[in-house]
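Undergrad: Fold the following.
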Amino acid sequence: MSLYDELGVNPDADADAIKRAHRKMAREHHPDAGGDAETFQRKQRAYLILADPEKRKRYDRTGEEETAPYNELLEATSALMGAFDQAIMEVGSDFRTVDVIHRTRVNLVKQRLECQKAQEDAVRSKEGIGMLLERISRKRPGADVLRNALVDRQGMLDDQVAALKQAEAVLDRAVLLTESYSFRVDPPPPQDDAGPTRTVGQPGVTSVFINNGGWRTVT
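TA: Numbers count the residues shown, from 1 in each chain. A predicted model of the protein is given here:
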């Protein structure tokens, strides 16, 4: 079966036709919608090649499928390192006294919550378009450009939700990766011990010698 057959399009299909076929495929075969994961991955692979002009030309010329399969562990590792680098930037030179692994996990959880919110926003937008479509009708015959554009926008929102769900799964795995690590935190430095005091002239004002050097004025 060719890649075109996988998506149900003709070999001369243009980019828009391939995108529409991909959206239809995602709705029918995505595992979250009850589809078969292996079938979805196979069709997703076909789309990744046919949606890329250079890869498509190479496939049309040689029949070879050159694309790296989706690697969730690799993506999770990349997300983990991004959150780790962010944690290091946040704590700066205090990294010895802050649990950087915990901070990394917090950053990943924040990203996951943002991902969930973006999904919810996209779903609400799609539902809103659906309600608009129920109220829109053409008064004259001809191409229904507005309806077609709105339906196309719904398809783009479907793509967005699918990508966000994939990103959420990556972040979940990245959080699990952090649980395999711990971070040794140095104890806080001891409190300065006050030595003998010396009155410096004004009532109630005292200058205290600190063991690590110098005098500090206290009241």
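
Undergrad: just so I have it, where are all the strands in the protein?
TA: Per DSSP state E, the chain carries strands over the ranges 194-199, 206-210, 215-218.

Undergrad: Which of those comes out lowest on mean pLDDT?
TA: With a mean of 39, strand 206-210 has the lowest mean pLDDT of the strands of the chain.

Undergrad: Which parts of the protein are helices?
TA: 3-7, 15-29, 37-50, 53-62, 72-91, 100-135, 145-178 (DSSP state H).

Undergrad: ok, the spatially most central residue of the chain - contacts?
TA: For the chain, Ala167 is the residue whose C-alpha lies nearest the centre (C-alpha atoms, centre = their mean; 4.6 Å). By C-beta atoms under 8 Å, 6 or more residues apart in numbering, the residues touching Ala167 are Cys115. Where C-beta positions appear, they are placed from N, C-alpha and C, glycine not excepted.

Undergrad: Can you give me the separation between it and His22?
TA: Note on Ala167: its distance to His22, by C-beta to C-beta, to the nearest Å, is 18 Å.

Undergrad: for the chain, which spans come out with low pLDDT?
TA: Within the chain, the stretches with pLDDT under 70 are 32, 66-70, 192-219.

Undergrad: Minimum distance to Pro188: which of the helices of the chain has it?
TA: Proximity of the helices of the chain to Pro188 was assessed by C-beta to C-beta; the nearest stretch is helix 72-91, lying at 14.3 Å.

Undergrad: quick revisit: for the helices of the chain, which one sits closest to Pro189?
TA: Closest to Pro189 of those, according to C-beta to C-beta: helix 72-91, at 16.1 Å.

Undergrad: Now do the closest one: everything it contacts.
TA: Under C-beta under 8 Å, 6+ apart, the answer for helix 72-91 is 95, 98, 100, 103-108, 111, 169-171, 173-174, 177-178.

Undergrad: okay, now Leu50: neighbour count?
TA: Look at Leu50: counted by other C-beta atoms under 10 Å, it has 26 neighbours.

Undergrad: now Ala143
TA: Ala143, neighbours per other C-beta under 10 Å, totals 8.

Undergrad: Need phi/psi at it.
TA: Dihedral pair for Ala143: phi -60, psi 130, per degrees, to the nearest 10.

Undergrad: and if you look at Gly34?
TA: Dihedral angles for Gly34 - degrees, to the nearest 10 - are phi 90, psi 10.

Undergrad: burial of it, as a residue count?
TA: Gly34 is flanked by 8 other residues according to other C-beta under 10 Å.

Undergrad: Next: Ser182.
TA: Using other C-beta under 10 Å: Ser182 sits among 10 other residues.

Undergrad: repeat for Val91
TA: 14.

Undergrad: Tell me how far Phe183 lies from Val123.
TA: Here Phe183 is placed at a distance of 37 Å from Val123 (C-beta to C-beta).

Undergrad: should've said Pro53
TA: Distance, Pro53 to Val123, using C-beta to C-beta: 31 Å.

Undergrad: and Pro190, which of the helices of the chain is closest to it?
TA: Proximity to Pro190 (C-beta to C-beta) singles out helix 72-91 among those, at 21.2 Å.
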